[in-house]
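Asks: I'll drop the sequence and a predicted model, then ask my questions.
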Amino acid sequence: MKKVAFKNIFKKNKFSFLSQGAKKKVVVIGAVLICILFIVLIAVIMTNQVNFDKAKALILEKGMISIGLRTDMDGLARKNDSEVIEGFEADLAAEIVKRLFPDGSIKVQYKEVNSKTGKVFIDTGELDITLAAYVPGSDVDYILYSEAYYTDSIVFYAKKGGAEGIDQLKGKKIGVVSTSYAGQKLEAYFKEKNIDCKIVQFSSYPDAADALGFGNVDVFAGSSVLMRSYTAGSALLTGNVLPHGYCIAMKKSNVELKKALDYILNELKKDGTLSLLEQKWQLPGYSK
């Protein structure tokens, strides 16, 4: 009983050493801190809130949205026999436009781009957005990126009867395209993993594919969606490395448009639309 009574007395009087004025100051300071935290929270919420009117304003002024699609990435986008661009990203772009302009009030122009021209056209204003842009890293500073909508990875191909898995790359000559993600990242990756192999740079995918066919390299490496167009007759090695996301690129000043696109991409993920499009176009995605 004495112990309980002592505890209750302590709880009741733990601030008794403070004067009445000091107690009021503690209460006021606490209330001020709570107000500040509340204001910061509201500011964060307001900052991240999507304003679709602002996001669409510049596009509506033009009366048209211009979208870049890379037709050199089979499965992501390509021209069919009727010269119409089709593929995963063509369908994704159409879905984004439908959700950004649900009343159908906007004209849409699609433009073929590659890894270099897409960002140039964004900078010059010829394009509002372009798809198949990598997650930002050592990239140009005038581009703003959406969240990733698809995750790819670097895969490896060899001649049939050659290496069977990426655990057999030691001592091999590995061909990459110099401007590709593999060309920029793979050498440092192997160095970090202490895998002794030689990276051989090529200026184009056809050149690297020919080098594998002629036996000038043992392995050809690159992002899986790109490699599908250049590796007929070669064997895919088991395993993949260096996952990287594909994003939508836009001008760095288009902050409100980025918020709107991020919101739409999140909705497409949640309602299963992105997954259905990946299945439709047989995209493998990244697996550990």
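Replies: Received, thanks.
Asks: switch to C-alpha atoms for all contacts and neighbour counts from now on
Replies: Fine.
Asks: all helices for the stretch 51-200 of the chain, in order.
Replies: 52-62, 88-100, 117-124, 181-192 (DSSP state H, counting those that start in this stretch).
Asks: want to try CSV for these, with mean pLDDT, mean neighbour count and distance to Glu147 as columns?
Replies: What follows is the helices of the stretch 51-200 of the chain, written out as CSV (pLDDT from 0 to 100; neighbours: other CA atoms under 10 Å; distance: least, CA to CA, whole Å):
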stretch, mean pLDDT, mean neighbour count, distance to Glu147
helix 52-62, 90, 14, 16
helix 88-100, 96, 19, 14
helix 117-124, 90, 19, 17
helix 181-192, 92, 16, 18
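Asks: right, and the ones you listed - which one's nearest Arg78?
Replies: Taking CA to CA, helix 88-100 is the member of those nearest to Arg78, at 8.6 Å.
Asks: how about the CA coordinates for the closest one, as PDB?
Replies: The C-alpha coordinates for helix 88-100 follow below in PDB (Å, rounded to 0.1, in the frame of the first residue of the first chain):
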ATOM      1  CA  PHE A  88       2.500  -1.700 -74.200                       C
ATOM      2  CA  GLU A  89       3.500   2.000 -74.100                       C
ATOM      3  CA  ALA A  90       1.200   3.000 -76.900                       C
ATOM      4  CA  ASP A  91      -1.700   1.500 -74.900                       C
ATOM      5  CA  LEU A  92      -0.400   3.100 -71.700                       C
ATOM      6  CA  ALA A  93      -0.200   6.500 -73.300                       C
ATOM      7  CA  ALA A  94      -3.800   6.200 -74.600                       C
ATOM      8  CA  GLU A  95      -4.900   5.200 -71.100                       C
ATOM      9  CA  ILE A  96      -3.100   8.200 -69.500                       C
ATOM     10  CA  VAL A  97      -4.700  10.600 -72.000                       C
ATOM     11  CA  LYS A  98      -8.100   9.100 -71.300                       C
ATOM     12  CA  ARG A  99      -7.700   9.600 -67.600                       C
ATOM     13  CA  LEU A 100      -6.100  13.100 -67.800                       C
END
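Asks: which outside residues touch it?
Replies: Contact with helix 88-100 is made by 52, 56, 67, 69, 75-77, 104, 131-132, 260-261, 264-265, 274, 277-278, 280-281, as judged by CA atoms under 8 Å, 6 or more residues apart in numbering.
Asks: skip the chain neighbours and tell me the closest residue to Ala158.
Replies: Val219 (4.7 Å; CA to CA, 6 or more residues apart in numbering).
Asks: need the contact list for that neighbour.
Replies: Phe156, Tyr157, Ala158, Lys159, Lys172, Lys173, Ile174, Gly175, Leu212.
Asks: circling back to that earlier point, filter the contacts of helix 88-100 to the buried ones?
Replies: 56, 67, 69, 75-77, 131-132, 260-261, 264-265, 274, 277-278, 281 (16 or more other CA atoms under 10 Å).
Asks: out of the residues you listed, who's nearest Asp196?
Replies: Using CA to CA, these come closest to Asp196 at Ala132, 31.5 Å.
Asks: who's in contact with that closest one?
Replies: When contacts are counted by CA under 8 Å, 6+ apart, Ala132 touches Leu69, Arg70, Leu76, Glu89, Tyr246, Cys247, Ile248.
Asks: run the last query once more with 6 Å
Replies: Counting by CA atoms under 6 Å, 6 or more residues apart in numbering, Ala132 touches Tyr246.
Asks: per-residue pLDDT, it?
Replies: For Ala132, the model assigns a pLDDT of 82.
Asks: how about Tyr286?
Replies: pLDDT, Tyr286: 66.
Asks: also Gly137?
Replies: 58.
Asks: next one: Met1
Replies: pLDDT, Met1: 48.
Asks: begin at 30, not 1, for the rest of this chat.
Replies: Understood, numbering begins at 30; the last thing we discussed is Met30.
Asks: mind listing the strands for the stretch 80-229 of the chain?
Replies: With DSSP state E, counting those that start in this stretch as the criterion, the stretch 80-229 of the chain has strands at 93-99, 107-108, 114-115, 136-142, 158-163, 172-174, 179-188, 202-206, 227-231.
Asks: lovely, talk soon.
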